[in-house]
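S.K.: Need a 3D model of the following:
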Amino acid sequence: MISEGAISAKEAAALLGVSRRWLYSSAVPRFQIGRRIVFLASEVLAYREKCRSATIQSASASGINSAGRLPGVDSD
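M.R.: Predicted coordinates for the structure are as follows:
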């Protein structure tokens, strides 16, 4: 481990539930030391929370409830 809180791409991908390939092509904050790409756990978790917040805000702005349906619309 390079420093306190530094994690590998494999660990960062696991935290986000994505592949390493997606992680490398994303906007998740990272830094490079030599050939090694390193992520800070706190930044990965903050990125995850930012994405979660954007999704929740988008759904509530469109009027979709937590079940993924418009209020007052029956599924039958």
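S.K.: contacting residues around the residue nearest to Ala9 when sequence neighbours are not counted?
M.R.: Distances taken as Cβ to Cβ, 6 or more residues apart in numbering put Arg20 closest to Ala9, at 5.0 Å, once the chain neighbours are dropped. Every residue, glycine included, has its C-beta placed from N, CA and C. For Arg20, the contact set (Cβ atoms under 8 Å, 6 or more residues apart in numbering) comprises Ala9, Lys10, Ala13.
S.K.: tell me which of those is nearest to Val38?
M.R.: Nearest to Val38 among those, counting by Cβ to Cβ, is Ala9 at 8.3 Å.
S.K.: wait, what's in contact with the closest one?
M.R.: Listed by Cβ under 8 Å, 6+ apart, the contact set of Ala9 reads Arg20, Leu23, Tyr24, Ile37, Phe39.
S.K.: Quick check: ChimeraX command selecting the buried ones in those.
M.R.: The ChimeraX selection below is limited to those of these classed as buried (16 or more other Cβ atoms under 10 Å):
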select :23,39
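S.K.: Can you add pLDDT, distance to Arg48 and secondary structure and give the contacts of Ala9 back as TSV?
M.R.: Converted to TSV, the contacts of Ala9 look like this (pLDDT from 0 to 100; distance: Cβ to Cβ, whole Å; DSSP: H, G, I helix; E, B strand; the rest coil):
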residue	pLDDT	distance to Arg48	secondary structure
Arg20	95	16	helix
Leu23	95	12	helix
Tyr24	93	16	helix
Ile37	92	18	strand
Phe39	96	12	strand
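S.K.: Columns distance to Arg52 on top of the contacts of Ala9, output as a markdown table?
M.R.: Output for the contacts of Ala9, formatted as a markdown table (distance: Cβ to Cβ, whole Å):
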| residue | distance to Arg52 |
| --- | --- |
| Arg20 | 21 |
| Leu23 | 17 |
| Tyr24 | 21 |
| Ile37 | 24 |
| Phe39 | 18 |
